[in-house]
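Engineer: sequence plus the predicted model coming up.
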Amino acid sequence: MSHEEFPTDRPAVVTCGLPYANGDLHIGHLRTYVGGDVYARALRTLGQETAFVSGSDMHGTPVAVNAEAAGVSPESFALDWHETYEETFPKFRVDFDNYGHTHDETNVELTTDVVRALAENGHVYEKEIMVAYDPAEKQSLPDRYVEGTCPYCGDRARGDECDEGCGRHLEPGEIEEPRSTITGNPAEYREQTHKFFRVSAFQEYLGAFIDRLEGTANAQNQPREWIEGDLRDWCITRDMDWGIDYPEGEKPRSSEPEAGEGADDLVLYVWVDAPIEYVSSTKQYTERVGADVFDWDEAWREDGEIVHVIGRDIIQHHTVFWPAMLHGVDYEEPRAVMASGFITLNGQGFSTSRNRAVWADEYLDEGFDPDLLRYYLATNGGFQQDVDFSWERFRERVNNELVGTVGNFAYRALLFAHREFGGTPDPEAGVSEEVHDRIEAAIGEFGAAVNDYSVRKVGDAAVSLAAFGNEYIQRHEPWNLIDDDPDRAAQVIRDCVQVAKAIAVLFAPVAPGTCERLWSQVGGEGSPHDVEIEAALEPPTADLDEPTELYEKIPEERVEALNAKLEERIEAAENGDTGDDGNGNDTDAADLDPIVDDRIDFDTFESLDIRVGEIVTADGIEGADKLARLTVDLGVEKRQIVAGIKQLHNLEALPGTRVIVLANLERAELFDVESNGMVLAAGEEADLLTTLDDAVPGERVR
RNA sequence: AGCGGGAUGGGAUAGCCAGGAGAUUCCGCCGGGCUCAUAACCCGGAGAUCGGUGGUUCAAAUCCACUUCCCGCUACCA
């Protein structure tokens, strides 16, 4: 940890995790982008030369799959989203110096160069592996697009892990009875040669790197598990069409001769070209403004200060895989990784597919100033903390802190100055020592916040300065002094205008729009983003126009209306999950598995002995997270059945509930508890099946 | 299961890395003041043995050990 404090005389690059070109943005995403934007602006205010870049992540299987479903090419599908993002960010005043995408020429070239260099440096090798393949669709099934049965515990397993059963890591080819999660088709295994990045060789380097890494605690600590444990080499190629080609004259060929349709082309795994977009985007910035303004080559290959702002779900990529890649081609390593927490709604995560979210567009359509949301997202809780979003809290913070503290102070001070003095009284006379010291203290807090990677503290520095301003003006009561002691009144008002000017500078990273207005109200030229932090103490202009109010209060009725909308949505989303009343079917059709093609004959159906049962007792199984032990009355006998519903249902309320039971399922033992049958339930939330009328326990279902 | 993050007055949040007077800020509650300002602002008050237990120390919210409970991650959801 021997990094020099910001500002340094090196070029800094602040990046934001690439949004995946596959869906709308919601305020959870925005938290990361606003955080990055605030941080980049704050660095600049400190005088740090900074480039703020990002781009859209265009590749990967989900894009390819969804594009096909939409009947368009992956490129135009992804480009559509890319354009949406490109338009959306500026609406929130998230102003990237460059916003590219991973499929543009710069990135394709640079990625090719980097991978080639990695290979030349001996960090890449070939290996034959088994990959799942869907013969009906003539499509490879990488990663999570295959599911089947775990060979160890017999439970359902997805991708390379038995995620529901024993949790064991599975090598490619190990999953039994593989099926495509896209089509449900049975899959088969084929042998293929793939490229691997020798991450394991970087273990020692990464161990030292993680000790140097700054940023949020989660980003510094979580990767230790991987780095200090067994580092697996990464398979960096995928057998599909959409992506950046693996850069070699002779590409590894699929061993399947009749694969056809170009399926033998290997492309790079998205996580290879995605982070390289950070570099490419910086390069495009340099190409646009010239290396004398910002030199991408110096920043990335000599002595840049690289700060990655990401969601905490991609910490591994940015602290293990990516630094290893950079080191493998002699690029600069990241100085810091800031990993944001997630935002929840009523305590539950956002779910894009279920429309359980507050969308970016939706917020704008409500007519709110983006600065309000920026302030909320930047200062509500620590950056790495998960926070719950509520309109009520939004209103509270806006009304009390933005309107009451910041806006009110600026308005009352400037209005008074304008009315009584036509602006700043005798600006060159200077501010009082107390105010000078207080502003310096705020500047100090601001700098400390940046070095602490805390966007919340950046915002707090300005807001607490405004609180001081309110207290100061109140303490000196210039409205009483104005007649008796006009000189004293002038001093107080001069002080207050100075504080307002300092707020315009210090608060600009968080609230860029309103601070531009405040800046011009105190007579500033241009924008507060173009000045450095010292401007906070430079005397304001003498002549000031009548100020306008910076923020508007949000009335309570507004919150009620917003909540009503949100509640409605959440309710619909939850009903979509549990189907309690059978009409809340809001689940996105694209989310559902298609009907399995394989038909069974009637005899096969007849062999299932499905019965009506009634739950007699329900208890959680000690030591198991999800399992509950049920006693179910099947009329002819009572059965003990284990079901994975512990967290999803209130067990105490279950006795008396009628359920549908598959009675002739083979016995199984889960957590040392015998399960004799299976209680049927629908969906991820285990919505229990029951009967509409009063069928008697023991009756057969047919 | 392993790992990461968290638990602080009624609610929400800071402080913890660099231990130190009866713990921050916002909301809510009680009382007072002021009126330049957006029914705002200012002052004062009640209210927390900082999840629990044990340890280190002259001193622990802070460091250590154990423990309980939340949230999340475990390689394509920010």
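Structural biologist: Great, that's in hand.
Engineer: would you agree A:Gln384 is in contact with A:Ile315?
Structural biologist: No - with contact defined as Cβ atoms under 8 Å, A:Gln384 does not count as touching A:Ile315 (10.1 Å). C-beta: built from backbone N, CA, C; applies to glycine.
Engineer: hey, what's in contact with both of those two?
Structural biologist: Taking Cβ atoms under 8 Å, 6 or more residues apart in numbering as the criterion, A:Gln384 and A:Ile315 both touch A:Asn218, A:Ala219, A:Ala339.
Engineer: check the residues you listed against RNA strand B, which are close?
Structural biologist: Restricting those to those touching RNA strand B (Cβ under 7 Å from any atom of the strand) yields A:Asn218.
Engineer: among the shared contacts of A:Gln384 and A:Ile315, which ones are in strands?
Structural biologist: Secondary structure from DSSP state E places A:Ala339 of the shared contacts of A:Gln384 and A:Ile315 in strands.
Engineer: could the shared contacts of A:Gln384 and A:Ile315 be laid out in JSON lines, adding neighbour count and pLDDT?
Structural biologist: Listed next are the shared contacts of A:Gln384 and A:Ile315 as JSON lines, based on neighbours: other Cβ atoms under 10 Å; pLDDT from 0 to 100:
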{"residue": "A:Asn218", "neighbour count": "19", "pLDDT": "81"}
{"residue": "A:Ala219", "neighbour count": "26", "pLDDT": "84"}
{"residue": "A:Ala339", "neighbour count": "26", "pLDDT": "88"}
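Engineer: how far away is A:His317 from A:Pro223?
Structural biologist: Going from A:His317 to A:Pro223 by Cβ to Cβ, to the nearest Å gives 10 Å.
Engineer: of the shared contacts of A:Gln384 and A:Ile315, closest to RNA strand B?
Structural biologist: Distance to RNA strand B across the shared contacts of A:Gln384 and A:Ile315 (Cβ to the nearest atom of the strand) is lowest for A:Asn218, with 4.0 Å.
Engineer: hmm, A:Val272 is touching A:Ile236, no?
Structural biologist: Yes - look at A:Val272 against A:Ile236 with Cβ under 8 Å: they come within range, at 5.2 Å.
Engineer: tell me the strands in the stretch 101-250 of chain A, going along the chain?
Structural biologist: Counting by DSSP state E, counting those that start in this stretch, the stretch 101-250 of chain A has strands at residues A:124-134, A:139-140, A:146-149, A:156-158, A:176-180, A:188-197, A:214-215, A:234-235, A:237-239.
Engineer: pretty sure A:Phe197 is touching A:Thr237, no?
Structural biologist: No - assessed by Cβ under 8 Å, A:Phe197 is found out of contact with A:Thr237, at 9.7 Å.
Engineer: thinking again about what came up before, neighbour count for A:Gln384 and A:Ile315, which is higher?
Structural biologist: A:Ile315 (22 against 17; other Cβ atoms under 10 Å).
Engineer: quick check: the more buried one is in a strand.
Structural biologist: No - A:Ile315 is assigned helix when assessed by DSSP: H, G, I helix; E, B strand; the rest coil, not a strand.
Engineer: which residues sit in contact with it?
Structural biologist: So A:Ile315 contacts A:Asn218, A:Ala219, A:Gln222, A:Pro223, A:Val337, A:Ala339 (Cβ under 8 Å, 6+ apart).
Engineer: just the ones of the residues you listed in helices?
Structural biologist: A:Asn218, A:Ala219 (DSSP state H).
Engineer: the residue lying closest to A:Thr344 once chain neighbours are set aside and A:Val358, how far apart?
Structural biologist: Nearest residue to A:Thr344, sequence neighbours excluded (Cβ to Cβ, 6 or more residues apart in numbering): A:Asp388, at 4.9 Å. Computed as Cβ to Cβ, the A:Asp388 to A:Val358 distance reads 12 Å.
Engineer: hey, what's in contact with both of those two?
Structural biologist: Taking Cβ under 8 Å, 6+ apart as the contact rule, A:Asp388 and A:Val358 both touch A:Leu345.
Engineer: name the residues of whatever helix or strand the residue nearest to A:Thr344 lives in that are buried.
Structural biologist: Using DSSP states H and E, A:Asp388 sits in strand A:387-389. Across strand A:387-389, burial judged by 16 or more other Cβ atoms under 10 Å covers A:Val387, A:Phe389.
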